[in-house]
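Asks: Pasted the sequence and its predicted model underneath.
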Amino acid sequence: MSGHGQKKEQKQDLAIAALLHSESIRDAAKEVGIAEATLHRYLKDESFKAEYQAAKKEVINHAICRLQQSAGKAVKALVEISGDEKAPASARVSAARTILEISMKAIEFEDLEKRIAALEKVVAVQQRK
């Protein structure tokens, strides 16, 4: 037999799942079978908020992984469009611009990584003193 705390915990787990895909708090509460006020009260609870934030982060991480899996196809499409003489000039320019912008951002990102690594070394040396 489960106690009241376990039922509440199950309802909160269901509420988190509903919040992740519902368009509104009202819709999520209705799906779970709780009052909207109850769901608002859950959202004020630090523990619930932390679990909800973790679940949202997991959803975003999964979406990012799916995007990264498609990156090769996207690059191939951009390269093909930019080199296709039959494609409209605006499409070729847009693809070329995108390639250049992303390439430049990648260089900037690499530079920032190097600078951060150098700063972390300096901080580590300072902390040892």
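Replies: Received it, and whenever you're ready, just let me know what you need.
Asks: quick one: average pLDDT of stretch 78-92?
Replies: Average pLDDT, stretch 78-92: 97.
Asks: Show me what that stretch is in contact with.
Replies: 94, 95, 96, 98, 99 (Cβ atoms under 8 Å, 6 or more residues apart in numbering). Just so you know, the C-beta spots here come from the backbone N, C-alpha and C atoms, and that holds for glycine as well.
Asks: want to try CSV for the residues you listed, with distance to residue 28, secondary structure and neighbour count as columns?
Replies: Listed next are these as CSV, based on distance: Cβ to Cβ, whole Å; DSSP: H, G, I helix; E, B strand; the rest coil; neighbours: other Cβ atoms under 10 Å:
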residue, distance to residue 28, secondary structure, neighbour count
94, 39, helix, 15
95, 41, helix, 19
96, 44, helix, 15
98, 37, helix, 15
99, 41, helix, 15
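Asks: Mind picking the two most distant members of the residues you listed?
Replies: Spanning the widest gap among the contacts of stretch 78-92 are 94 and 99, at 9.8 Å by Cβ to Cβ.
Asks: hmm, back to that, what is the nearest of the contacts of stretch 78-92 to residue 121?
Replies: Nearest member of those to residue 121, counting by Cβ to Cβ, is residue 99, at 33.7 Å.
Asks: Export the contacts of stretch 78-92 as CSV, with columns for distance to residue 116.
Replies: Formatted as CSV, the contacts of stretch 78-92 follow (distance: Cβ to Cβ, whole Å):
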residue, distance to residue 116
94, 32
95, 31
96, 31
98, 26
99, 26
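Asks: Flag every buried residue along the strand or helix carrying residue 119.
Replies: Element membership for residue 119 (DSSP states H and E) is helix 89-128. For helix 89-128, a neighbour-count test (16 or more other Cβ atoms under 10 Å) marks 92, 95 as buried.
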